[in-house]
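A.B. asks: Turn this into a model:
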Amino acid sequence: LYINGIENSLEVAHKLGDKSYCANGETAGLSMAIGGGCSVRPVEHANAYATLARGGTYKDLAYILEVKNSAGDVIESWTDSEGERVVDPQVAFMVTDILADVNTRGSVWGYSFSSQPGFWSATTPYAAKTGTTDNGLGYAKDSWIIAYSPVLSTVIWNGNHDGHPLVGDSHAICFKINEMYQDRVHQEVYQSDGRWSPGQTFERPAGLQTLTVAGKTDIWPSWFNASKNSGVAKETLTFNKYNHLLAAACTPEDYKVSIEVTKTTDPMTGNEVYSVPEPYNRDVSDTCDYRPAQVSLSVRDCKIYAN
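C.D. replies: Numbering: from 1, shown residues only. The predicted structure follows:
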């Protein structure tokens, strides 16, 4: 979020489908990364994840599929559209792959939690994301789970209508509902009409690479080039060694020190991020008004005096 920028990231959220999120001039800052700052509408949130399920293609919500008159004649019906590509297919797939990766999730949260029914299914592959909202006093008031397959995106919310805190934040209720729902809706609805088949998973887009980098094998976007460090470069910057600010033209030569830093260039946005060792600060230039304390010594009568 920091690299992509808050406004750019908010625009992506809107394009994915969360159109009401911080849509009235509010700002969530960097807390947007965990959904902070503004509320979301569950139906829009489900549609945003459906955009990922479609490989980055957004489609408008449709609440009414068909209208008939009293004689049973169809006078208006919804028709599907091609939609709008709002996210690169490789990006959409990589996000989905992360949310569907039970093994990696288990290495962080524990396998008993990450593979429990309702967060994962052996017969119906889907990606899932949990969420919790607190009331500002440290107590959970909302429990969420978002689960999506190639054919269905679902948001399940658990909470009190008056915002009263929940007894716990274990997502147990959401997991139970999702467990009872996912397999049956896929098998009894989507499989029966030919829109889904057992074991069906997300289509991997062309161009993605499977590479081993730093001892770990994973999928990488087509633009990544491991042999060229993919946008990572070393650079030498000059700082004021006393106040640790970026050296300016007015910085005295004997105050300067050269420091090697790492510069990473995002190949998608072109944004540059510098990793600078503490305590140096690349973002602020030297104002040249700092002078280190100086002490002169003199010797009189076999004694040393500080002036």
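A.B. asks: The stretch 51-200 of the chain: helices as residue ranges?
C.D. replies: 89-99, 102-109, 111-114, 172-185 (DSSP state H, counting those that start in this stretch).
A.B. asks: can you tell me which of those helices the model trusts least?
C.D. replies: Of all the helices of the stretch 51-200 of the chain, mean pLDDT reaches its minimum on helix 111-114 (a mean of 78).
A.B. asks: Now it: buried residues?
C.D. replies: residue 114 (16 or more other C-beta atoms under 10 Å). (Each C-beta comes from the backbone N, C-alpha and C, glycine too.)
A.B. asks: Equivalent analysis for stretch 162-177, please.
C.D. replies: Result for stretch 162-177 [16+ other C-beta under 10 Å]: buried residues 165-166, 169, 171, 173-175, 177.
A.B. asks: contacts for stretch 156-176?
C.D. replies: Identification of contacts with stretch 156-176 by C-beta atoms under 8 Å, 6 or more residues apart in numbering yields 42, 116-119, 130, 132, 135, 139-147, 177-178, 181.
A.B. asks: Whichever of those end up buried, select them in ChimeraX.
C.D. replies: Those of the contacts of stretch 156-176 that count as buried under 16+ other C-beta under 10 Å are selected in ChimeraX with:
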select :118,119,130,140,141,142,143,144,145,146,147,177,178
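A.B. asks: What's the separation between the nearest residue to residue 80 once chain neighbours are set aside and residue 127?
C.D. replies: Once flanking residues are discounted, residue 80 sits nearest to residue 59: 7.6 Å by C-beta to C-beta, 6 or more residues apart in numbering. Relative to residue 127, residue 59 is positioned 18 Å away (C-beta to C-beta, to the nearest Å).
A.B. asks: okay, the two: which has more neighbours?
C.D. replies: residue 127 (23 against 15; other C-beta atoms under 10 Å).
A.B. asks: So that one versus residue 53, what's the distance?
C.D. replies: Distance, residue 127 to residue 53, using C-beta to C-beta: 8 Å.
A.B. asks: Could you do residue 266 as well?
C.D. replies: In terms of C-beta to C-beta, residue 266 sits 25 Å off from residue 53.
A.B. asks: between those two, which one's more packed in?
C.D. replies: The residue with more neighbours, out of residue 266 and residue 53, is residue 53; 19 against 13, by other C-beta under 10 Å.
A.B. asks: residues near residue 35, how many?
C.D. replies: Residue 35, neighbours per other C-beta under 10 Å, totals 19.
A.B. asks: Quick check: it vs residue 131, distance?
C.D. replies: 6 Å.
A.B. asks: Who are the contact partners of residue 69?
C.D. replies: residue 75.
A.B. asks: what residue ranges in the stretch 151-300 of the chain score low on pLDDT?
C.D. replies: 169, 214, 228-230, 267-269, 295-297 (pLDDT under 70).
A.B. asks: Export only the CA atoms of the helix or strand residue 258 falls within, formatted as CSV.
C.D. replies: Here residue 258, judged by DSSP states H and E, is contained in strand 256-265. Presented in CSV, the C-alpha positions along strand 256-265 are these (Å, rounded to 0.1, in the frame of the first residue of the first chain):
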residue,chain,number,x,y,z
LYS,A,256,29.7,14.4,4.4
VAL,A,257,29.7,10.6,4.6
SER,A,258,28.8,8.1,1.8
ILE,A,259,26.3,5.3,2.6
GLU,A,260,25.3,2.4,0.3
VAL,A,261,21.5,2.0,0.1
THR,A,262,19.2,-0.4,-1.7
LYS,A,263,16.8,1.0,-4.3
THR,A,264,13.8,-1.1,-5.4
THR,A,265,11.8,0.0,-8.5
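A.B. asks: Provide the strand pairings for that strand, with the direction of each partner.
C.D. replies: Looking at strand 256-265 with DSSP bridges, its partner strands are strand 232-240 (antiparallel), strand 272-275 (antiparallel).
A.B. asks: sec struct for the residue nearest to the spatial centre of the chain, please.
C.D. replies: Central residue of the chain (C-alpha atoms, centre = their mean): residue 33, 5.7 Å from the mean position. Under DSSP: H, G, I helix; E, B strand; the rest coil, residue 33 falls in the helix class.
A.B. asks: That one contacts residue 3, correct?
C.D. replies: No: Residue 33 lies out of contact with residue 3 (C-beta atoms under 8 Å); the separation is 11.2 Å.
A.B. asks: Contacts only, for residue 101.
C.D. replies: Here residue 101 is in contact with no residues (criterion: C-beta under 8 Å, 6+ apart).
A.B. asks: Then residue 201?
C.D. replies: 100, 125, 150.
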